[in-house]
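[1] Provided below are the primary sequence and the corresponding predicted coordinates.
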Amino acid sequence: MWYYLAAVLIPYQRMEAAIHHTPRGNLSDLYPRWLGARELLLHGRDPYSAEITHEIQMGYYGEAVDGTRPNLPKDQQRFAYPVYVVFLLAPTIKIPFPILRMFFRLLLAALTAASVPLWIRALGLEIERTTVAISVILLLGSFPVGQGLYLEQLTLLVCFFMAAACAALASGMLMSAGILLAVATIKPQISLPVVAWLVLWSISDWQHRRRLLWGFTATMMALLAGSEWLLPGWFGRWRSAVSAYFDYTGARSLPEVLLGRHAGLLACAASTLIVAVLCWLVRRKPMSSHAFKVGLLAVLAVDVLVKPTFPLYDGIILLPAILWLWRRRVVIRQHNWCARFLYGISAFLVAWQWAGAFLLTVLSLFGVSWAVQHVPHLPVFALFAVAFVVFFLLVLHAADIFRGTALLLRASGETTEAVARTTASRVKLGEV
């Protein structure tokens, strides 16, 4: 995979950029955030301003993006994060960016590797150490992580925070989990669905779970108050930057891209409704329960589906669901034919990225340039469908929970009717 990225895909992208005169600068997702944080903290400049956006574009693309030429990228790379991301980046603002990005990639790789045992702890999985090590290698050798590391994507950092929060939750450290969840909101489009679900879960058993909400609320208040002190009125500027991002990128969810606008919106609404009902049914369940885990994983999966954009590095969000489904493969195979079929398809789709990368690597080593030039994205074709199949498998598990709830309610109703009939008989006989 890493050879494919370095020796096949990136050279192809550079060739395409040269042919179409498309600018290429450092292409680092860290750079806009780092530059904005540096200018705000050192010089008091507004990172959402047009001047900072121009400076970001000069570094990111190598020239300004003004929309006058068709070959220019649509993404203007504005500083579209909440301003409190600068608190995380504050220790780095005096480090030269070429040095910083090298260490940042190493940090992201280490944190991404650490997320595997953290999710295993959060989901209560019993997996041998050798299998854990293999999982870490496969994760670091996957296309989403490889792309995220090359682009220095903060998504990898946010996914680590969410994994650490859920692991802390499983260990009973609810206050720490709330703090980590608040920090993960530097990318709210990824973290807010999980935050909403865990807030509902916390409120549903306030006496035992309130520390989670206290930790989250206190940290968020500190971040928001610090942001307002640092840049008064920042929230409106951030909201404008996010709105502009949706406009100039034409952001669409994955179902909209694959199914069309109307069918895609319907699929998003249906999947969101299913997950919302599931979360409501399991809101009182403990963290260690099967139902809670299905609810958490379903929230993560639907987040990938309904998010207004789907860059391939977001595939790392599905890591806990893939680990959990793989661990339960024996149970899935004992299910109906639909579950077995979906499991086989999902395994094929996940594995295709390595098969495609291997094929293109061999062809490039033997000098077969046709395939490399015409199908350079072969390993990524299947990744767009992984989120759908994983979500459907989780829905099958959710259906078991729905059926169990219905049976429980039916049994409860039958018991109530039996008690009522017995009481009426005893009243009639003068026993009561």
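    Sure thing, it's come through. Residues are numbered from 1 along each chain as shown.
[2] confidence-wise, which helix or strand of this structure is lowest on average?
    helix 383-428 (a mean of 63; mean pLDDT, DSSP states H and E).
[3] how about stretch 140-150: buried residues?
    The neighbour-count check on stretch 140-150 (16 or more other Cβ atoms under 10 Å) flags 140, 142, 143, 144, 145, 146, 147, 148, 149, 150 as buried. Heads up, the C-betas are built off the backbone N, CA and C, glycines and all.
[4] could you measure from the last one over to residue 247?
    Plainly put, residue 150 is 27 Å away from residue 247 if you go by Cβ to Cβ, to the nearest Å.
[5] what is the burial count for residue 258?
    Per other Cβ atoms under 10 Å, the neighbour tally for residue 258 reads 15.
[6] OK, contacts around residue 228?
    234, 235 (Cβ atoms under 8 Å, 6 or more residues apart in numbering).
[7] and residue 284, which of the three is it?
    Classification of residue 284 by DSSP: H, G, I helix; E, B strand; the rest coil places it in coil.
[8] please name the residues that touch it.
    Listed by Cβ under 8 Å, 6+ apart, the contact partners of residue 284 are 204, 205.
[9] the same query, at a cut-off of 6 Å, please.
    Each residue near residue 284 by Cβ atoms under 6 Å, 6 or more residues apart in numbering is listed here: residue 204.
[10] neighbours of the residue nearest to residue 246 when sequence neighbours are not counted, just the number please.
    Leaving aside its sequence neighbours, residue 246 sits nearest to residue 308 (Cβ to Cβ, 6 or more residues apart in numbering; 6.4 Å). Taking other Cβ under 10 Å as the neighbour definition, residue 308 ends up with a count of 15.
[11] can you tell me how far residue 308 is from residue 151?
    For residue 308, the distance to residue 151 - Cβ to Cβ - is 19 Å.
[12] residue 374 now?
    Taking Cβ to Cβ as the measure, residue 374 falls 24 Å from residue 151.
[13] same check on residue 206?
    41 Å.
[14] who's more crowded, those two?
    The neighbour comparison of residue 206 against residue 151 (other Cβ under 10 Å) goes to residue 151, with 18 against 9.
[15] count the neighbours of residue 167 for me.
    22.
[16] list the residues that contact it.
    118, 121, 122.
[17] now, which of those sits nearest residue 324?
    residue 122 (9.8 Å; Cβ to Cβ).
[18] per-residue pLDDT, that closest one?
    Per-residue pLDDT puts residue 122 at 93.
[19] now do the contacts for it.
    The neighbours of residue 122, taking Cβ under 6 Å, 6+ apart as the test, are 166, 167, 170.
[20] out of those, which is nearest to residue 220?
    Checking the contacts of residue 122 one by one against residue 220 (Cβ to Cβ), the nearest turns out to be residue 166, at 17.9 Å.
[21] from residue 300, how far off is that closest one?
    Taking Cβ to Cβ, one finds residue 166 at 10 Å from residue 300.
[22] quick check: which ranges of this structure have low pLDDT?
    Residue ranges of the chain with pLDDT under 70: 66-70, 249-250, 330-335, 371, 402-432.
[23] ok so, going back, ok, so of the buried residues of stretch 140-150, who is nearest residue 219?
    Nearest to residue 219 out of these is residue 148 (Cβ to Cβ; 25.1 Å).
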